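S.K.: Just a sequence and a predicted model for now, questions to come.
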Amino acid sequence: MRVVVTRPEISAAKTAERLRFMGHDPVLLPLSRAIHHRQVATNALALPHSALIVTSAEALRALAGIGSGLKINRDIQLFAVGEKTAAAARSAGFSNIHIGSGDGEGLAELIASKLESPDFRLLYLAGKPRAGSLESRLEKLGLPVRVAEIYEMTPVEYRPEEIDAWLRTQPPQAVLLYSRENAFRFFEIFERYAFSFSETAFLCISSRTADAVPVAFRLNVRIAESPDENALLALL
């Protein structure tokens, strides 16, 4: 099956390996790229905090670029949204890791169960854009959190002739969509090529992502049972 991977390039390459192992033909079409704000991360980490929160491996990649002048406490409690992010945290040297079920609100509940009254604010090493559900839920649970936007996902631009050439080959049988913003961007690019996707399955990592798929394609949407890539690839 020809499967389009819309993740940023580094993550997409790992997904492509998995797809080839499964017998599929991956096509990499990154819709965004990360810009790291290392000074923002440095400033945030220099302030007192009781725990770290990360919801993407990209946050750990942003930390990797911080100079040796700032010593990061890698024994501090770190709350990761899911196993993929936790694996990136382990690779970055963190050891005291708690793993959520894959979504922001669930992660907030996990944090609340582990930290009743932290001495300092929690530090959420976040990206932009994001849903905002995690910090909203933490505030409702009475847990103070400071958000540091240490990376930003910016759109990758494609020229019309690139899109035409891409679609002249065999149309994809499936497209992997990883977030609401990811889905919006895909259909923004391919809006005038709708006829090319009449037989394409749009595999969405969550209901929120599926809601961003235009109505004309809703019959072709499938939603993962849980918000993680294992469940997404299980739809193939």
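M.R.: Nice, thanks for sending it over.
S.K.: For the rest of this, base every contact and every neighbour count on C-alpha atoms.
M.R.: Fine.
S.K.: What distance do you get for Leu31 to Phe186?
M.R.: 7 Å (C-alpha to C-alpha, to the nearest Å).
S.K.: Can you work out which residues contact both of the two?
M.R.: Shared contacts of Leu31 and Phe186 (C-alpha atoms under 8 Å, 6 or more residues apart in numbering): Thr6.
S.K.: Between those two, point out the one with more neighbours.
M.R.: Between Leu31 and Phe186, counted using other C-alpha atoms under 10 Å, Leu31 has the larger neighbour count: 22 against 18.
S.K.: Model confidence for Ile66, exactly?
M.R.: As predicted, Ile66 sits at a pLDDT of 80.
S.K.: doesn't Asn43 make contact with it?
M.R.: No - judged on C-alpha atoms under 8 Å, Ile66 makes no contact with Asn43 at a distance of 10.7 Å.
S.K.: ok, those two, which is more surrounded?
M.R.: Higher neighbour count among Ile66 and Asn43: Ile66, with 16 against 11, using other C-alpha under 10 Å.
S.K.: What sits closest to the more buried one if chain neighbours are left out?
M.R.: Arg38 (6.0 Å; C-alpha to C-alpha, 6 or more residues apart in numbering).
S.K.: what are the ranges of the strands in this structure?
M.R.: For the chain, applying DSSP state E gives strands covering 2-5, 25-28, 32-36, 52-54, 78-80, 97-99, 122-128, 145-155, 174-177, 201-204, 221-223.
S.K.: will you turn these into TSV that also has mean neighbour count?
M.R.: Shown next, in TSV, are these (neighbours: other C-alpha atoms under 10 Å):
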stretch	mean neighbour count
strand 2-5	22
strand 25-28	18
strand 32-36	18
strand 52-54	23
strand 78-80	26
strand 97-99	18
strand 122-128	22
strand 145-155	19
strand 174-177	24
strand 201-204	26
strand 221-223	19
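S.K.: would JSON lines of these with distance to Lys71 and mean pLDDT be doable?
M.R.: Shown next, in JSON lines, are those (distance: least, C-alpha to C-alpha, whole Å; pLDDT from 0 to 100):
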{"stretch": "strand 2-5", "distance to Lys71": "36", "mean pLDDT": "95"}
{"stretch": "strand 25-28", "distance to Lys71": "36", "mean pLDDT": "93"}
{"stretch": "strand 32-36", "distance to Lys71": "19", "mean pLDDT": "94"}
{"stretch": "strand 52-54", "distance to Lys71": "15", "mean pLDDT": "98"}
{"stretch": "strand 78-80", "distance to Lys71": "16", "mean pLDDT": "98"}
{"stretch": "strand 97-99", "distance to Lys71": "18", "mean pLDDT": "97"}
{"stretch": "strand 122-128", "distance to Lys71": "16", "mean pLDDT": "96"}
{"stretch": "strand 145-155", "distance to Lys71": "17", "mean pLDDT": "96"}
{"stretch": "strand 174-177", "distance to Lys71": "37", "mean pLDDT": "97"}
{"stretch": "strand 201-204", "distance to Lys71": "39", "mean pLDDT": "97"}
{"stretch": "strand 221-223", "distance to Lys71": "41", "mean pLDDT": "97"}
